[in-house]
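Q: could you work out the structure for the sequence below:
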Amino acid sequence: MLHTPGFAHYALAWSPFHNNRLALASAANYGLVGNGRLHLVSLGPGPGGQPALSLDKFYDTQDGLYDAAWSEVHENQLVTASGDGSLRLWDVMLNDLPIRAWHEHTREVFSVDWSNIQKDIFASASWDGNVKVWSPERPRSLTTLHAHQACVYQGLFSPHQPDLLATCSTDGTLKLFDLRAPAYAAGPGANSFTAPLTAAALTVPAAGTEVLALDWNKYRPMVLASAGVDKVVKVWDCRMVKLGAGPGAGEQAVGGVCEVPLVGHEYAVRKVQWSPHHPNVLASAGYDMTCRVWSTTPTAAGTHLLYIHDPHTEFVVGCGWSLYDEGILASCGWDCKLNVFRI
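A: Down below sits the predicted model:
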């Protein structure tokens, strides 16, 4: 366990290059007002086979940090999402300032995701309703999607198809965007920077309330998990679609079949992540101060719940599987604590 007094954690990210390196996106005063901090953490062997954590370095920011994503190209670089609408690219070999910064979003940036297929781009999702695609080498965004009329909580690239991106929102939907779709062909002099793209390839009415989190299954293309205010983790097969009236004008692809609802959290679920090692295992974190591990196939006892991790004393808002060790999971929360544990 690592304790960082004064800074509540919003998200964690495992390095794709080092099996013992994590980043923590944090904010003072629970992210409501005040500074942010990016923590860099190392994992080592500890007593009893449990991991031991050490804080290597931290960077202070003028506003709270809500998410972080490691570069898929440079082992020492990562990007952070900030409450002031900005994105910053950091190099962990440098001691103070970010090496690049962008500020196009007009509200909090709540999610960043680095494509692990097209490794030179990343995406950001904001409460301004927009998702933007970026290159670290460009001074402004490559593409803007006006994905939802309300807050966008996450925007994630598919791990199977480089031009497919999923979003979730306050409006209760998941949406899939195909960046190659003919609907995105701009007219003369038009571009997505000045005229954001809005046409979703698929809209999934996932909940009657806010959808706070989503994740792609790493083994099954077009299968996603969602979670939110309704306290249920839902697994969707987005290949089961039909034409119907979407949230916007006209007909569009809507649907998606909920394969299994995973019920057990007592309050809203803030994070969901599929295991990178097993196609039927996923983890979730929620306001009930727990991190839970599920199987989409029932156990011999007839339950989907495999494990509950409950040492946190405040909201658990982040969780993530180790990319190298299938038995290790990390969780972080508003109690200013990062827990890394073997299940």
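
Q: so which bits of stretch 299-316 are buried?
A: 304, 309, 312, 315-316 (16 or more other CB atoms under 10 Å). Heads up, the C-betas are built off the backbone N, CA and C, glycines and all.

Q: from those residues, which is closest to P45?
A: H309 (20.0 Å; CB to CB).

Q: bridging residues for the closest one?
A: Under DSSP bridges, the beta-bridge partners of H309 are C291.

Q: that one touches A330, doesn't it?
A: No: under the criterion of CB atoms under 8 Å, H309 is not in contact with A330, lying 10.0 Å apart.

Q: what do those two both touch?
A: Common contacts of H309 and A330 (CB atoms under 8 Å, 6 or more residues apart in numbering): 339, 341.

Q: can I assume H278 sits in a helix?
A: No: if the criterion is DSSP: H, G, I helix; E, B strand; the rest coil, then H278 is coil and not within a helix.

Q: low pLDDT regions in this structure?
A: 49, 182-196, 241-253, 255 (pLDDT under 70).

Q: how far does the helix or strand containing V112 sit from its chain's centre?
A: Element membership for V112 (DSSP states H and E) is strand 109-114. Relative to the centre of its chain, strand 109-114 is centred 6 Å away, using CA atoms, centre = their mean, to the nearest Å.

Q: partner strands of it, parallel or antiparallel?
A: For strand 109-114, pairing defined by DSSP bridges yields strand 122-126 (antiparallel).

Q: what's the partner strand in contact with?
A: With CB under 8 Å, 6+ apart as the criterion, strand 122-126 contacts 69, 79, 81, 85, 87, 105-115, 131-134, 136, 147, 151-157, 165, 167.

Q: 6 Å instead, please
A: With contact meaning CB atoms under 6 Å, 6 or more residues apart in numbering, strand 122-126 is reached by 79, 87, 105, 107, 109-114, 131-134, 152, 154-155.

Q: buried among the residues you listed? Make that a ChimeraX selection.
A: Only the buried entries of those go into this ChimeraX selection, using 16+ other CB under 10 Å:
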select :79,87,105,109,110,111,112,113,114,131,132,133,134,152,154,155
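
Q: tell me if Q118 really is in a helix.
A: No: using three-state DSSP, the secondary structure at Q118 is coil, not a helix.

Q: show me where the stretch 51-200 of the chain has its strands.
A: 51-61, 65-70, 77-82, 87-91, 100-102, 109-114, 122-126, 130-134, 143-146, 152-157, 164-169, 173-178 (DSSP state E, counting those that start in this stretch).

Q: would you reformat the ones you listed as CSV and include distance to K234?
A: Compiled in CSV, the strands of the stretch 51-200 of the chain are given as follows (distance: least, CB to CB, whole Å):
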stretch, distance to K234
strand 51-61, 31
strand 65-70, 22
strand 77-82, 25
strand 87-91, 29
strand 100-102, 33
strand 109-114, 19
strand 122-126, 19
strand 130-134, 21
strand 143-146, 23
strand 152-157, 15
strand 164-169, 11
strand 173-178, 9
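
Q: G264 is nearest to which of those?
A: strand 164-169 (20.2 Å).

Q: any idea how far V211 lies from T198?
A: According to CB to CB, to the nearest Å, V211 and T198 sit 18 Å apart.

Q: next, N29: phi, psi?
A: Main-chain dihedrals, N29, degrees, to the nearest 10: phi 50, psi 40.

Q: neighbouring strands for whichever strand or helix holds A213, and are they parallel or not?
A: Applying DSSP H and E as the criterion places A213 in strand 211-216. Counting by DSSP bridges, the strands paired with strand 211-216 are strand 223-228 (antiparallel).
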